[in-house]
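>>> My questions are about this predicted structure, shown below with the sequence.
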Amino acid sequence: MQGLFITVEGPDGAGKTSVIQELVPRLKKIATRPVVVTREPGGSRIAEKIRQLILDKQNTEMDARTEALLYAASRRQHLVEKIMPALAADEIVICDRFVDSSLAYQGAARKLGIQEVAAMNLFATEGLTPALTLYLDVDSDTGLQRIYRNRQNEINRLDVEAPQFHQLVRHGYLKVLAENPERMVKIDARQPLADVVEDCYDIVIKRAPNFFQ
Ligand code: TYD
């Protein structure tokens with residue numbers, strides 16, 4: 001694969017969506033090749049159906065391993081249909097959440113084990129790993145406050161988990177970060193949005209100068 005694969009990660013309320021919305025147009029202006037922005041399920045029909053099962057508030061009896069397997073299945077389909085072809089075509093792919101989300105949410109917060117969930121995802125990704133992961137770090141109090149303030153975002157099944165769940169998610173991310181210092185960069189997402197975007201922009205260009213003018 002010759003393209004550039006970047007993922008954006010963070011606990012709920014970190015502001016990933018807003019950051020990506022502001023970051024991408026700026027990167028597009030200086031990119032030397034097409035920029036594809038995606039998020040799981042990424043418009044894949046099959047991945048979308050799997051995702052609906054996971055996020056359905058009625059599925060309260062869903063087992064944690066089932067949830068982890070379904071995320072990996074949805075991820076696989078999105079990878080094959082969208083990410084792999086773009087990378088093969090030498091493009092820049094920016095993906096909102098990827099395997100690290102499963103490590104933090106299912107591995108750490110649902111207590112399945114980060115190593116176990118990583119191993120299961122390895123099967124789904126065949127080892128395809130982002131070149132760079134922008135980890136937007138926010139403490140769980142700030143994250144939760146933002147979710148509830150911003151009510152127009154639909155509150156899904158995972159958002160209604162107890163505050164302790166959100167803390168476990170963040171700790172999970174911090175563990176994954178400690179184990180992947182070359183790939184993951186932590187950005188303080190409590191800063192004003194413009195500053196977070198600026199940090200992300202600088203890091204991307206510094207890490208992948210060949211893809212930008
Ligand atoms: P989503 O609507 O994509 O929210 P966000 O804008 O925060 O990304 O919902 C994703 C939810 O699913 C979010 O709470 C994180 C969770 N999630 C996992 O638990 N495991 C995963 O592998 C992924 C991709 C997401």
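Everything's here; your move.

>>> all contacts plus neighbour counts: C-alpha atoms, from now on.
OK.

>>> List the contacts of the residue sitting nearest the centre point of the chain.
Taking Cα atoms, centre = their mean as the criterion, Arg97 is the residue nearest the geometric centre of the chain, at 1.4 Å. Each residue near Arg97 by Cα atoms under 8 Å, 6 or more residues apart in numbering is listed here: 7-10, 39-40.

>>> Now it. Its backbone dihedrals?
Taking degrees, to the nearest 10, you get phi 70, psi 140 for the backbone angles of Arg97.

>>> and the residue lying closest to Arg26 once chain neighbours are set aside, what helix or strand is that in?
Counting by Cα to Cα, 6 or more residues apart in numbering, Tyr201 is the residue found nearest to Arg26 once chain neighbours are left out, at 7.9 Å. Using DSSP states H and E, Tyr201 maps to helix 193-207.

>>> Model confidence for the residue of the chain found nearest the ligand, exactly?
Nearest residue of the chain to the ligand: Ser102, at 3.5 Å (Cα to the nearest ligand atom). On the pLDDT scale, Ser102 is placed at 98.

>>> now swap in Val160 and tell me
Reading off the model, Val160 has pLDDT 63.

>>> can you pull out the strands in this structure?
All strands of the chain, identified by DSSP state E, fall at 4-9, 35-39, 92-96, 132-137, 184-188.

>>> Now tabulate the ones you listed in TSV and tack on distance to Ala68 and mean neighbour count.
Converted to TSV, the strands of the chain look like this (distance: least, Cα to Cα, whole Å; neighbours: other Cα atoms under 10 Å):
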stretch	distance to Ala68	mean neighbour count
strand 4-9	17	23
strand 35-39	17	18
strand 92-96	17	22
strand 132-137	21	23
strand 184-188	22	19
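
>>> Tell me which of those sits nearest to Lys111.
When the strands of the chain are compared by Cα to Cα, strand 4-9 sits nearest Lys111, at 19.0 Å.

>>> other SSEs contacting the closest one?
Where contact means 3 or more Cα pairs under 8 Å, 6 or more residues apart in numbering; DSSP states H and E, strand 4-9 is packed against strand 92-96, strand 132-137.

>>> what angle separates the longest one from helix 193-207?
Between strand 132-137 and helix 193-207, the angle formed by their directions is 150 degrees, by axes from the mean of the first three to the mean of the last three Cα atoms, to 10 degrees.

>>> With that, I have no additional questions.
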